[in-house]
Structures are given as structure tokens and as C-alpha cells.
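[1] build the 3D model from these lines:
(2 chains)
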Protein chains: 2
Amino acid sequence: MSSSRTTSPPSPSPRSPIAASADRSKHIVFAHGGGGQLTDELVNHLILPRIGNDVLNQLLDAAVMPAAPGTRLALTIDSYVVQPWAFPGGNIGHLAVSGTVNDLAVCGAQPLGIAMGLILAEGFAKSDLERVLDSIAAVSDQAGVRVVTGDTKVVGRAHADGIYITTAGVGLVPEGRDLSPSRVEPGDVLILNGPIGEHGLAVMLAREMPEVQSVLRSDAAPLNHLIDRVLHGAGNAVAFMRDATRSGVAGVAVDLARQTGWHVTLDETRIEVRPEAQHAADMLGVDPLEVANEGKVVVVVRPDASDRILEAMRTDPLGASAQVIGHIGDTRDGVCELRTRIGGRRVLQKPYGEQLPRIC
Amino acid sequence: MSSSRTTSPPSPSPRSPIAASADRSKHIVFAHGGGGQLTDELVNHLILPRIGNDVLNQLLDAAVMPAAPGTRLALTIDSYVVQPWAFPGGNIGHLAVSGTVNDLAVCGAQPLGIAMGLILAEGFAKSDLERVLDSIAAVSDQAGVRVVTGDTKVVGRAHADGIYITTAGVGLVPEGRDLSPSRVEPGDVLILNGPIGEHGLAVMLAREMPEVQSVLRSDAAPLNHLIDRVLHGAGNAVAFMRDATRSGVAGVAVDLARQTGWHVTLDETRIEVRPEAQHAADMLGVDPLEVANEGKVVVVVRPDASDRILEAMRTDPLGASAQVIGHIGDTRDGVCELRTRIGGRRVLQKPYGEQLPRIC
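    Numbers count the residues shown, from 1 in each chain, chains lettered A, B, ... in the order given. As a prediction, the model looks like this:
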């Protein structure tokens, strides 16, 4: 590997996707893993044609399958390769469990258990592994979900970056619960549970500008209790929800417009960005709307239920500053539009890759 | 990574575990991922004290959990880091799906779906990814199990070795089915479905002696249909089963003796090693008994059912040369003994790590 590193051409910069166009037709580039347009391309043109089926093709955060009469099962998986593996506000273990719990929760599932696959680099300090495991224990307790099975593999120092964690989660979807883009209707409103961009920006700042002092912390947290509050007693007023991870809130809104076919409008003045996050975004030259969160969920609800659901969210510390941030229009154009702070309108597009790789 | 690579001491050889003893007290070494004694140590002293619980602590191939009244769910996960990712008889995709299906099947579960997390190195050829996906499609068809959800991440060229795959599987355990070491009794016999060592030896030969021509092929295959035949109509005559992956048939037998507390005897003359596998083992200096398989299962059955079960196995191509290879004795010493070809007796111990790392 080291010789190929010195003799091969420099790897394309993830921030200059166009320069990478020659390479990306035949080889994997960073942006293929960023959750943006190029990930969609890889999934739709390479993966689904080979292993696609009616469940996988839905591309939901978790697959929902009938398991036994009256029982629907949700299954999800994510590999975490965040660099650095520890960052302000969390580490890879805390992130992995939160992410998996959230992927189940946004599909309306009650988590049953987590499976964890560790890939460790030879030489990784046991004390660091202990720190990761302690975080996993703490966040599992917080979420009320246990790691029930696992696997550990070790690769050479040069063949991994300390630690990668893949977590899969399984949960049960209560009877009658139906959360799906197909249930979204014109007039529905979009609710977001808090300020954005903090996970991705905290990681990027730690990696790119480690000398900068900031109070910014990752927002990674398990949202299952918050989502329970939202769904409790809401009947069918909640149409759909998705956590705003890779590609951020912009990615969720653009996907929503595309999947439902309706016009989606976001109101920039209602989307909270804390000063320290805005400051980091300015320094890094990225848009907080497109940055990964791991403790934020966009909930699409019927308009007459929005006050009740906002109130339910705000009783949870993780939803204390919940806001209506947009709505579903009645134009069938599949476009997502942002009404900006200065009163302008901008069509949002899904980011090409992500601003910087390896945020989660 | 590169600076730590040049300034840190050379990595300990995986074949000289003792030389690595200074390192392994504080750092991860290859043998921690080998499925042998050092993996057990890591799991028991570092992982379980932090995140253990009554399900995880059972350390079965799959966790079995009550899901709904009358429904038990099995969940399993494995990370695959095999090097090279393609080898005679298969590749990492074929291996991952087979391994996950087998982990569910040996727990008596009917597979419901597979979740797949890909970690790709930047620069990995799309044509190679297509080849891996085609194998996944083929083996999924063979097993009758689908990939229902997935995730893709990309890391830098220097931070992975082409492709790692983590697969999780979920399945349902039919009511009344109970496979557990606690059901094993003196007098029970051990049945193995075919010749051993072929997966690990094929991989090692491809990696260590790529110039050697051999007809040896990995045995990786999904065993769920074979196991269905074994369990069909067997009632409670099957006490326990385990697939002989890392640490091989020796590892399974040693674990069985330790977990049940009974004396386990293996008969070397009944354990088939094909000439090409023995030849490879001799060249590589390893014992086929300790080498990883991915299409072999050890089934512990009541003695009066063994003929019937052998017959059922032999009707499946993957069990054509099934044999009784040992039995459970009535001494409570937890020892596993091998009766050798030349009539001697040898106490088997679990390998320290594995003969060479990254076999699966």
C-alpha cells in the first residue's frame, strides 16, 4: 500500500468532484460514500440492478418486512468510519449506536437489539477500545437498547484507520403504524427538532482545523424516546420521518420532494444554526443545511396536528427548540425550494458528495 | 498513519504470538481477531465487562431474542476482511452471505433478510465491485435469502484493503426448536457434513504461495437447506450445532467440551481431509483441524437418531460425505481429545490466534 501511495497519482480532492470525473467512471471515489448524488448513482446503477428487490429498492433507513402474522420487523445497518474516531461531543461508538437506534426509530420501530461488527487496526490501543465500549454502554443505556451479538476482526496497521464499527439493528413495528413518503400530502408541515450541522461541523473542525478552539459539540444522540413522544397519541397524523444524516436537512428535503413528487418549501429563518456552528461552517466554507447531523429528525405531519406534536417534542431535551421549518406545496414538480433569510428563493439540490468525507 | 508507520516498531508476526506478548497487553494484535484464545480473552476481559448482558454473554453464532408472543428472533453479524478479496472458489461477497446465512441456520433460524454494510477503499475498481455483487446475488438466490438493506462508505486508499463487507442477518426460530450446548448429553454423537480446511487453506495458499497451482477451492456455501433437511422430522434429536469457521473443527469441539463440561472425543480417521487440502496444509505448516471452513457444520445428535440424520444429510450435495466424527463421553472434565490416525491420543486446545490472519 505504501508504494502505491507514492507512485499512484494523487487522489482526487473530494472538494473538486469535476476533477475526479475521469476516475469516477471506473473507480470508487470519496463522493460515492458521501450520501449525495454520486452515492445515489452507485446505488441505482450498480448495486440495485444486481441485488435489488422490492424491499431493498425502497431505500428506507430500515427495511420493514413481515415476520409473522401481525408482526413487522425493521432491519437496518450502517458502517461508521468517522475520522477522527473521537471528536468533541462523542466518538465512533456513541455515534454508531445512536445512528442505528435512530434509523429504526424513524421507521416507527421499537428497537429490539443491536449487532456490532468491529474492524480494528493492529496496534489500536486497548485503552481507546475501552473508551469506545464505555460510550457504547452509556448510549445503549440511554436508549434502552442492548448490543446482543457481535464480531471482531483485526487487519494490519496499514489497512484500516484505527477502528471501524458496523452496527445493525432490529426492531418491531407496531401494528397499524405506517410511515412512508407515499402518505405525504399537500399542506403537511415539516418539523425539525433542533439546531443543525453540529455533528458534521464538529468532526470537520477537529480534523481540518484542530488548532481552533470552539464550544461546538456533535449532536449525536439516540432519538427513540423523542420519537416515541411524537408518535404517542398522534394516530395517523405523522406521515413520514427521516433523520438528517449524510447530506443534512437539505438532503432529506430534496429526497422528500423527489420521492413524493410534491413541491417542498423550507423556510431558512425557521432553521436554527447556533453561532458556533455558523462560525465553523464559515471557516470551513460549507453550508450547514448540507452537513450531517446525528441527533436531528425531520417529521412530516398533518397541519392540524403540528401544534400538538411540537409541544410533545419540546418536553424532551432533544426537542426543546423544535420548529416548523417548511411545508408540502400542491404543485406536482418534485422541486425543493429554500426561502432564504434575505427573502430570496433558491432551488435546493442534493449535494454531489459531501463537503468532506468520513463524517460518520 | 504514515508517520506512525515509519516510527513505530515493526508489527509482531502473527505466527510468533509470544514475541508479541509485550504489545498485546496494551494494543490490539492480529491474534485478537483470529477466533482463538486471544479473541476469547478480548471478549471476556474487555468487551463483556462493559457491554455484556444475558443475551450477548451467551456468545452464540446468533443472538436469539423473544420478539412477540410465540416469536423468537435470531440476529447475527460478521465483518469480512478476507485477503485477497477474491480466492479460488469464491470471493468476499459470496463468503459474507454464506457466513451470515450459516450463523442463522445453526441456531435453528429461518433467514428473513440480510443487511449489508460496504466499506470501500477509494480507487477500488467498479468492475471488481460488480463481480462481488454478482456473487452476492448468486449465493442469495441459492440460499433463498435477500439483501434487504445496506450502506456504503468510502475511506482513503491507505485506510482499507480494497473492500470490507459486514453482513447482519435476521431470522425466525420456529416454536419448540431448542438448540443449545445445555441440551448436549453423554452418548450424543458429533456429525460433520464433509471434508475440512478448504476455505482457509485456499485463501492462505492464494495469499502466501500464489505461484502454486492447486485444485483446492474454498468450501464457502450456504448451509440453510442442508440444515433444514437435518432438522426436518428430527424432533428433539438434534441437541446443538455450530459451523466450523475460525479455529476450525478443533475450535468447535474444544468450545463444546468447555461449554458442556463433558469429555469430547474426536476420531481423526473419520474426519475427511482431501489430498489437495492436506498438501496445502503441509506446505503452509498448519493443521487442517484448526483451519477455517465456511461450508461445514458440526451437528450434535442423540445416538439413536444418527443414522437417520446422516442419511438426510447425504441427500444434499453439501452433505454427501457426512460422517460421525466423535462423541460426548460421560466424564465431567471439559476436555477435548483427538484419537489420532496412528492410534494415539492428544488433548486439543483452542488455537492461540489463527494460523494466519484475515481468512474471513
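
[2] ok, now how distant is residue A:233 from residue A:106?
    Residue A:233 sits 18 Å away from residue A:106, going by Cβ to Cβ, to the nearest Å. All C-beta spots, glycine's among them, are computed from the backbone N, C-alpha and C.

[3] which of these two has more neighbours?
    In this view residue A:233 and residue A:106 are compared by other Cβ atoms under 10 Å in any protein chain shown, and residue A:106 has more residues nearby, 25 against 11.

[4] show me what contacts the more buried one?
    Contact criterion Cβ atoms under 8 Å, 6 or more residues apart in numbering or on different chains gives A:61, A:62, A:179, A:223, A:227, A:241, A:242, A:243, A:297 as the residues in contact with residue A:106.

[5] could you say which helix or strand holds the closest residue to chain B within the stretch 201-350 of chain A?
    When distances are taken as Cβ to the nearest Cβ, the stretch 201-350 of chain A reaches nearest to chain B at residue A:246, 9.6 Å away. Per DSSP states H and E: residue A:246 is located in neither a helix nor a strand.

[6] need the contact list for the closest residue to it other than its chain neighbours.
    What sits nearest to residue A:246 in space, not counting adjacent residues and going by Cβ to Cβ, 6 or more residues apart in numbering or on different chains, is residue A:35, at 2.6 Å. The contact partners of residue A:35, taken as Cβ under 8 Å, 6+ apart, are A:245, A:246, A:247, A:251, A:292, A:354.

[7] which residues touch stretch A:324-337?
    Taking Cβ under 8 Å, 6+ apart as the criterion, the residues outside stretch A:324-337 that touch it are A:184-192, A:249-250, A:253-254, A:256-258, A:260-267, A:270-271, A:298, A:300, A:303, A:306, A:310, A:345-348.

[8] circling back: so which of the contacts of residue A:106 sit within helices?
    Filtering those for membership in helices, criterion DSSP state H, returns residue A:227.

[9] let's verify residue A:111: helix, strand, or coil?
    Here residue A:111 is recorded as strand under DSSP: H, G, I helix; E, B strand; the rest coil.

[10] isn't it up against residue A:173?
    No: Residue A:111 is beyond contact range of residue A:173, at 11.1 Å (criterion: Cβ atoms under 8 Å).

[11] who has more neighbours, those two?
    For residue A:111 versus residue A:173, the count of surrounding residues by other Cβ under 10 Å is larger for residue A:111: 25 against 22.

[12] how far away is that one from residue A:323?
    27 Å.

[13] mind listing the helices for chain A?
    A:2-7, A:21-24, A:37-42, A:48-51, A:92-105, A:126-143, A:198-208, A:224-231, A:248-260, A:275-284, A:306-314.

[14] reformat those helices as TSV; add mean neighbour count.
    What follows is the helices of chain A, written out as TSV (neighbours: other Cβ atoms under 10 Å in any protein chain shown):
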stretch	mean neighbour count
helix A:2-7	10
helix A:21-24	14
helix A:37-42	20
helix A:48-51	17
helix A:92-105	29
helix A:126-143	18
helix A:198-208	25
helix A:224-231	22
helix A:248-260	24
helix A:275-284	18
helix A:306-314	17
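
[15] could you tell me the least trusted of these?
    For the helices of chain A, the bottom mean pLDDT is recorded on helix A:2-7, which sits at a mean of 33.

[16] which among the contacts of stretch A:324-337 end up buried?
    Members of the contacts of stretch A:324-337 that pass the buried threshold by neighbour count (16 or more other Cβ atoms under 10 Å in any protein chain shown) are listed as A:184, A:188-192, A:249-250, A:253-254, A:256-258, A:260, A:262-267, A:271, A:298, A:300, A:306, A:310, A:348.

[17] need the residue closest to the centroid of chain A.
    By Cα atoms, centre = their mean, the mean C-alpha position of chain A lies nearest to residue A:245, the distance being 1.8 Å.

[18] right, and it touches residue A:360 too?
    Yes: Residue A:245 is within contact range of residue A:360, at 6.2 Å (criterion: Cβ under 8 Å).

[19] between the two, what contacts are shared?
    When contacts are counted by Cβ under 8 Å, 6+ apart, residue A:245 and residue A:360 are jointly contacted by A:99, A:292, A:294.

[20] contacts for stretch A:50-59, please.
    Around stretch A:50-59, the neighbours that count as contacts under Cβ under 8 Å, 6+ apart are A:43, A:48, A:63-65, B:113, B:130, B:133-134, B:136-137, B:140, B:146-150.

[21] before we move on, the earlier item: quick one, what contacts the residue nearest to the centre of chain A?
    Counting by Cβ under 8 Å, 6+ apart, residue A:245 makes contact with A:35, A:99, A:102, A:292, A:293, A:294, A:360.

[22] so where's chain A uncertain?
    A:1-22, A:354-355 (pLDDT under 70).

[23] domain ranges for it, per the record?
    Under the assignment named as automatic domain parsing, the residue ranges that make up the domains of chain A are A:61-173, A:181-347.

[24] list the buried residues of stretch A:53-61.
    Judged by neighbour count (16+ other Cβ under 10 Å), stretch A:53-61 contains these buried residues: A:55, A:56, A:59, A:60, A:61.

[25] quick one: the last one from residue A:270, how far?
    Taking Cβ to Cβ as the measure, residue A:61 and residue A:270 are separated by 24 Å.

[26] neighbours around the residue of the stretch 201-350 of chain A closest to chain B, how many?
    Count around residue A:246 with other Cβ under 10 Å applied: 25.

[27] is it correct that it is in contact with residue A:36?
    Yes: between residue A:246 and residue A:36 there is a contact under Cβ under 8 Å: 7.4 Å.

[28] how close does residue A:45 sit to chain B?
    Taking Cβ to the nearest Cβ, to the nearest Å as the criterion, residue A:45 is separated from chain B by 10 Å.

[29] who touches stretch A:273-281?
    By Cβ under 8 Å, 6+ apart, the list of residues contacting stretch A:273-281 from outside reads A:195-198, A:201-202, A:204-205, A:212, A:214-216, A:287-288, A:291.
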